[in-house]
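# Here is my input, please return the structure:
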Amino acid sequence: MANQARATRPTNEDAQKRQIAKPVPQERATLAWQADSGILQRAVANLSLARPADILGFQGTAGNRAVTRLIQAKHVSGLTGDRQGQKTGRVAGDVLRLSERYLQCQTEPGREEEVAEAASTEPQVAAGEDSPSIFEGEEARLEDIEDQTSFFSPAPASHDETVKLGVSYGGQAPVGTLQYGVTIFNKKFVTIPNVDIDWQPQGKAWTGVVKPTKAELKDVPSLYLQPGTYEVPGKKVHASYPQCGAGGKQVTMFSQVDDKMSELIKTGEQEHCSDYERAFELSLKKCADLINAIAGAKFGPDTRPNIEQQILKKIGGKTPKQWVQELNRLVRISVDERDKKGWHRLKPDGAPVTCSPDCSKLTGVTVKSPSTKVPGPASANLIK
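Numbers count the residues shown, from 1 in each chain. Have a look, this model is predicted:
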């Protein structure tokens, strides 16, 4: 049909019909332009909704220059440098290129039929092609959890410092015990890999080349309680020593952390560090390695959804967002096993307990609890 369109030349009768065609009433033309420009703005703003067929309608009512100016304005505003802006730029570029072909076809008499052919030769949107990319959409969410990941050794700190660090990242201040250690895992310390595809039209299909990416875990804070004697927050105990008088009285509890116990706390925090180094390597690091293994390779020609599925298989069948979910699952193992099962739990009121001469406080010793398990299983045996 396209060859027939090019072989056909307008007759005098055709030219006369075009000359005597009645103009569109101004009111109708204005309403049509307002409606079409609104659709075009929404189409460009919504990225994948701008199709060649739409441009034919816009061009017919508004004219080439008006349509081009509107698209150019949207194109420039979309160049923000982020993923959404990049996609806006690609779509606007495709639309501008198509509009230019329409303008070229209409400037020469007898080439009107080529406008339709120009639209048919642009890459078409196949079934599902206008759906969101499986690699885009809702931002992957990393959980902010205390006692999680660090490539670095925990540092000694006072009790005020361990409490402050935990609270500053959304943790709760301890009540009835001490904040013996804290390691913060926060999304600010992590670079999440992404699948960035360089799309190129090829006939009515597409080719895609995956760009390199990276996953990184930056330096994160990790503290353990240094040797010393500390007030136990919110812990009042009954003192019935002779200096406390008949019936005794309620006093504040303190706890002494000796060198040996401080070293045990450090070992526990180091276990979290090792656990989450392994968790990172089994999730985001693995994701980045798989993406970089296919970086530079060309996929297609095919539809975009089909190419994305091919890429998805190459990166373990998980999108980066799903690899983040895998990281969250793995880091939770460390918290659930070592903390929630009490492997890192200590007692602040171990024997011997002494009373101050004025009966103002009792001082115990930090000792292991019945559930304490430090050192525990190696990270290689626990995180999997």
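
# can I get the CA coordinates of stretch 331-339 in PDB?
Output of stretch 331-339 as PDB, limited to C-alpha atoms (Å, rounded to 0.1, in the frame of the first residue of the first chain):
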ATOM      1  CA  VAL A 331      19.800  -8.600  57.300                       C
ATOM      2  CA  ARG A 332      16.700  -9.500  59.200                       C
ATOM      3  CA  ILE A 333      18.200 -13.000  59.800                       C
ATOM      4  CA  SER A 334      21.000 -11.400  61.800                       C
ATOM      5  CA  VAL A 335      18.600  -9.300  63.900                       C
ATOM      6  CA  ASP A 336      16.100 -12.200  64.400                       C
ATOM      7  CA  GLU A 337      18.700 -14.700  65.400                       C
ATOM      8  CA  ARG A 338      21.400 -12.900  67.300                       C
ATOM      9  CA  ASP A 339      19.200 -10.200  68.900                       C
END
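
# buried sites along that stretch?
For stretch 331-339, the neighbour count (16 or more other CB atoms under 10 Å) marks 331, 333, 334, 335, 337, 338, 339 as buried. C-beta here means a position set from N, CA and C on the backbone, and glycine is covered the same way.

# on contacts alone, who are the packing partners of the helix or strand hosting the third one?
Meaning residue 334. Under the criterion of DSSP states H and E, residue 334 resides in helix 320-334. Of the remaining helices and strands, those touching helix 320-334 by 3 or more CB pairs under 8 Å, 6 or more residues apart in numbering; DSSP states H and E are helix 259-282, helix 284-293.

# As CSV, those with mean neighbour count would be great.
Formatted as CSV, the helices and strands packed on helix 320-334 follow (neighbours: other CB atoms under 10 Å):
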stretch, mean neighbour count
helix 259-282, 21
helix 284-293, 20
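
# what's the least confident stretch among the ones you listed?
Least confident of the helices and strands packed on helix 320-334, judged by mean pLDDT, is helix 259-282 with a mean of 93.

# could you give the angle of that one to helix 320-334?
Orientation check (axes from the mean of the first three to the mean of the last three CA atoms, to 10 degrees): helix 259-282 against helix 320-334 gives 160 degrees.

# and helix 259-282, what does it pack onto?
Packing contacts for helix 259-282, counted by 3+ CB pairs under 8 Å, 6+ apart, involve strand 181-185, strand 222-225, helix 320-334, strand 361-368, helix 379-382.

# Out of the ones you listed, the one nearest residue 274 is which?
helix 379-382 (4.3 Å; CB to CB).

# can you put the helices and strands packed on helix 320-334 in CSV and add distance to residue 133?
Formatted as CSV, the helices and strands packed on helix 320-334 follow (distance: least, CB to CB, whole Å):
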stretch, distance to residue 133
helix 259-282, 25
helix 284-293, 15
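
# between the ones you listed, which gets nearest to residue 301?
That would be helix 284-293 among the helices and strands packed on helix 320-334, by CB to CB, at 21.3 Å.

# packing partners for the closest one?
In terms of contacts (3+ CB pairs under 8 Å, 6+ apart), helix 284-293 is packed against helix 320-334.

# List the buried residues in the helix it packs on.
Within helix 320-334, the residues that count as buried by 16+ other CB under 10 Å are 320-328, 330-331, 333-334.

# Between the residues you listed, which sits nearest residue 223?
Closest to residue 223, out of all of those and judged by CB to CB, is residue 334, at 16.9 Å.

# For residue 315, give me its contacts.
Residues near residue 315 by CB atoms under 8 Å, 6 or more residues apart in numbering: 195, 287, 290, 291, 294.

# Quick one: neighbours of the closest residue to the first one other than its chain neighbours, just the number.
I take that to be residue 195. Computed as CB to CB, 6 or more residues apart in numbering, the closest residue to residue 195 that is not its neighbour in sequence is residue 135, at 4.2 Å. Applying other CB atoms under 10 Å, we find 17 residues neighbouring residue 135.

# and if you look at residue 223?
With other CB under 10 Å as criterion, residue 223 counts 25.

# what bridges to it?
Here residue 223 sits in beta bridges with residue 155, residue 182, as judged by DSSP bridges.

# where does residue 130 land on pLDDT?
Confidence at residue 130, expressed as pLDDT, is 51.

# Turn the helices and strands packed on helix 259-282 into CSV, columns for distance to residue 238.
Output for the helices and strands packed on helix 259-282, formatted as CSV (distance: least, CB to CB, whole Å):
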stretch, distance to residue 238
strand 181-185, 29
strand 222-225, 26
helix 320-334, 37
strand 361-368, 9
helix 379-382, 41
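
# mind checking which of these is nearest residue 191?
So among these, helix 320-334 is nearest, using CB to CB, at 11.1 Å.

# Would you mind checking the average pLDDT for that closest one?
For helix 320-334, the per-residue pLDDT averages 94.

# What of stretch 179-195?
The average pLDDT within stretch 179-195 is 89.

# end-to-end on it?
40 Å (CA to CA, to the nearest Å).

# how about that stretch: buried residues?
179-186, 189-190, 192-195.

# For these, which two are the farthest from each other?
The distance between the two most remote of these (CB to CB) is 41.2 Å, for 180 and 195.

# for the buried residues of helix 320-334, which one is nearest residue 256?
Ranked by distance to residue 256 (CB to CB), the buried residues of helix 320-334 are led by residue 334 at 28.3 Å.
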